[in-house]
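# predicted model and sequence below, questions to follow.
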Amino acid sequence: MCGIIGIISNTPVAERLITGLERLEYRGYDSAGIATVVNNEIERRRAPGKLQTLKNLLAEQPLPGMVGIGHTRWATHGAPNAENAHPHANEHVAVVHNGIIENYAEIKNELQTKGYTFSSETDTEVIVHLLTDYLLKGLTPLEAVTQTLSHLHGAFALAIVFAKHPNLMIATRCGSPLVLGVGEYDIMLGSDALALASWAQKLCYLEEGDVVSISKNNNGDFDYQIIDSEGRSVERPLRQSKITAEAASKGEYSHYMLKEIFEQPRAIGETLQSAVDFESKHIDCANFDINWQSLTRLTIIACGTSYYAGMVAKYWFEKYAKLHVDVDIASEFRYREPIFCEGGLTLFLSQSGETIDTLAALNMAKEQKQQTLAIVNVTDSSIARLSDNVLYTAAGPEIGVASTKAFTTQLTLLACLAIVAASKRGKITEEDHQRLTEELIMLPGKISKVLQQDQTFHKCALTISGARDALYLGRGTNYPIALEGALKLKEVSYIHAEGYPAGELKHGPIALIDSAVPVVVLAPHDAWFSKTLSNLQEVMARGGQVICFTDSKGEVELKKQISSSFHLQIIVLPTVPSFVAPILYSIPVQLLAYYVALQKGTDVDQPRNLAKSVTVE
Ligand code: AGP
């Protein structure tokens, strides 16, 4: 939800601000803007819509300046127009903001009473006038920022430049991520490390409540100072940046989503490498102080796609580790009155590690003295820091708003964790442990085979791209994949889709079936196959058009049992053991959604109204 960047340099910064914003655009793309300090004055350019509009504006009206801030917006307060675009500014300061100022209305009233006038509908603009109020009283920029922060409630990250202090930038992190980057030629800030790739050799992840003041002296040397939430000057670790600029590029692919779908064999392989000893086929990824043997309940909490990963994991933990598992949507969990059991383990799943509801649920679990574990993709993200223990997926940066490789790598780590729990609880033998591990090790190769069938999904997307609604059906671990398939289709193609457990069909949704509603059925030849086949027959008998993803055994059965007069497309996938089937069956639903979106001509990587990192409620 919004991306911010700031750079202090000895050369003009506008171009790099724009490149950084391009890398942050996944966080929001309703409008964008940059501001620099030129001759003790704030200069800015802002434009509604995608970054391209701002780039066009800059081509006509270039922006000089060696100190600047930039913003890409996911609108919360006020329409996505130029007036509401960041940076917000007056002649004294310019501010970019990610997050929400909850008490802005109250502050706005007070400022209006004092005579300040507002030119936007945003919550952010109060920061501009509060800062100005303090600066005009004679406070230094740092004092003005500290005083301003004492008024603000909410979760936010800010970067501020000052007209009368042209070589200074002050930024803060209070609930939204912010990373400081130190490069050879510049010093900078960004909502994530990707924004700073190739310029920042060293990175410093700010802590909650930190205020950082970065500056340049007359010799052009850079310096920074971090003040913690208690007002003390502190040192934070500086780490070598491992993120390359290539990670932020589409390479040979037309969309990030497609690139990220194709990266899955590598991403899953690397995630396995972090958890598995390939020689002994043994998983030892959770060497934390978790007493799996005495554990009575595992609660998994997440949102969206991550929640569906949690749903798959429930099947695995119940089947292999014989463990009681609850899976909860974070935004519901945090406002219920959940019963925490003593000694329970709460597991948080989040690609970004910043999802506000998941973060709030994590805080709740900690208050209740639950042991907490997180599976996240982004190093040093808020959820990773707050959780007692963390496991990282090795998906690499995921830029397409629709999650693909982050989901399958979450599943991969969850599968590893289920094997560890099952072994530690004495519910599977060492032989079973090795067999299940081997099944995971074989998976990247099988996924590569599905990716080679890429064009098959392109063709079968034609069945869906003209539809208004679609249904996805699955059983067992493929039921959450049906939900995920429906979510992917909704997100990128705007076609209404629902996922259902196939057995639920006759309890209501069968009323929707007619020849205009395509039905995607996930049916590997597993223990549930014959049941799913009956449901598929029920759909076909009502004129439904079915796309069935199955394996070679399933194909034989389907061809035997379904009359050739029906509209049935069978897509044969590699045969895999049922343990890993939900990971493999994720790939065709991703590709199908992608190609439907492509045929519809939607913005695949930046679908309307969405943002990748949901840092507001
Ligand atoms: C999935 O395609 C979406 N991007 C969305 O559902 C996402 O999974 C959800 O917002 C949770 O995000 P997180 O994993 O970063 O916490």
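It's in. All values derive from a computational prediction rather than experimental measurement.

# Ile428 and Gln434 touch, don't they?
No: counting by C-beta atoms under 8 Å, Ile428 does not reach Gln434; the two are 9.9 Å apart. Placement of C-beta: from N, CA and C, glycine included.

# more crowded one of those two?
Taking other C-beta atoms under 10 Å, Ile428 and Gln434 do not tie; Ile428 has more neighbours (21 against 16).

# how close does the more buried one sit to Asn287?
19 Å (C-beta to C-beta, to the nearest Å).

# what's near enough to touch Ile375?
Contact partners of Ile375, counting by C-beta atoms under 8 Å, 6 or more residues apart in numbering, are Leu347, Phe348, Leu349, Ser350, Val390, Leu391, Tyr392, Thr393, Gln410, Leu413, Leu414, Leu417.

# could you dump the residues you listed to JSON lines with secondary structure?
What follows is the contacts of Ile375, written out as JSON lines (DSSP: H, G, I helix; E, B strand; the rest coil):
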{"residue": "Leu347", "secondary structure": "strand"}
{"residue": "Phe348", "secondary structure": "strand"}
{"residue": "Leu349", "secondary structure": "strand"}
{"residue": "Ser350", "secondary structure": "strand"}
{"residue": "Val390", "secondary structure": "strand"}
{"residue": "Leu391", "secondary structure": "strand"}
{"residue": "Tyr392", "secondary structure": "strand"}
{"residue": "Thr393", "secondary structure": "coil"}
{"residue": "Gln410", "secondary structure": "helix"}
{"residue": "Leu413", "secondary structure": "helix"}
{"residue": "Leu414", "secondary structure": "helix"}
{"residue": "Leu417", "secondary structure": "helix"}
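
# can you list those residues in TSV and add distance to the ligand?
Shown next, in TSV, are the contacts of Ile375 (distance: C-beta to the nearest ligand atom, whole Å):
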residue	distance to the ligand
Leu347	13
Phe348	9
Leu349	7
Ser350	3
Val390	14
Leu391	14
Tyr392	13
Thr393	10
Gln410	8
Leu413	13
Leu414	13
Leu417	17
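
# taking those, tell me the two that lie furthest apart.
The most widely separated members of the contacts of Ile375 are Ser350 and Leu417, with 15.2 Å between them, by C-beta to C-beta.

# which of those two has more residues huddled nearby?
Taking other C-beta under 10 Å, Ser350 and Leu417 do not tie; Ser350 has more neighbours (32 against 25).

# list the contacts of that one.
Ala302, Cys303, Ser306, Thr358, Ala374, Ile375, Val376, Asn377, Ser381, Ile383.

# how close does Pro444 get to Ile562?
Taking C-beta to C-beta, one finds Pro444 at 32 Å from Ile562.

# number of nearby residues for whatever residue of the chain ends up closest to the ligand?
Evaluated by C-beta to the nearest ligand atom, the chain has Gly304 as its residue closest to the ligand, separated by 2.0 Å. Number of residues near Gly304 (other C-beta under 10 Å) recorded here: 22.

# make residue 1 into 18 and carry on from there
Got it, first residue is 18 now, which makes that one Gly321.

# the nearest residue to it once chain neighbours are set aside: neighbouring residues, count only.
Leaving aside its chain neighbours, Gly321 sits nearest to Leu504 (7.0 Å; criterion: C-beta to C-beta, 6 or more residues apart in numbering). For Leu504, the neighbour count with other C-beta under 10 Å is 23.

# could you do the one 4 residues further on as well?
Counted with other C-beta under 10 Å, the neighbours of Glu508 add up to 24.

# state the helix or strand in which it lies.
Secondary structure assignment for Glu508, by DSSP states H and E: helix 495-510.

# contacts only, for Ala378.
Ile318, Asp345, Ala347, Phe350, Arg351, Thr363, Phe365 are the contacts of Ala378 under C-beta under 8 Å, 6+ apart.

# which stretch of helix or strand covers it?
Using DSSP H and E, Ala378 maps to helix 373-384.

# quick check, pLDDT for the residue of the chain closest to the ligand.
Confidence at Gly321, expressed as pLDDT, is 97.

# now swap in Val633 and tell me
For Val633, the predicted pLDDT is 68.

# same check, this time on Asp306
81.

# next one: Asn73
pLDDT for Asn73: 96.

# what's near enough to touch it?
Ala64.

# now with 7 Å?
Taking C-beta atoms under 7 Å, 6 or more residues apart in numbering, we find Asn73 in contact with no residue.

# now name the helix or strand holding it.
Using DSSP H and E, Asn73 sits in helix 68-77.

# much appreciated, bye for now.
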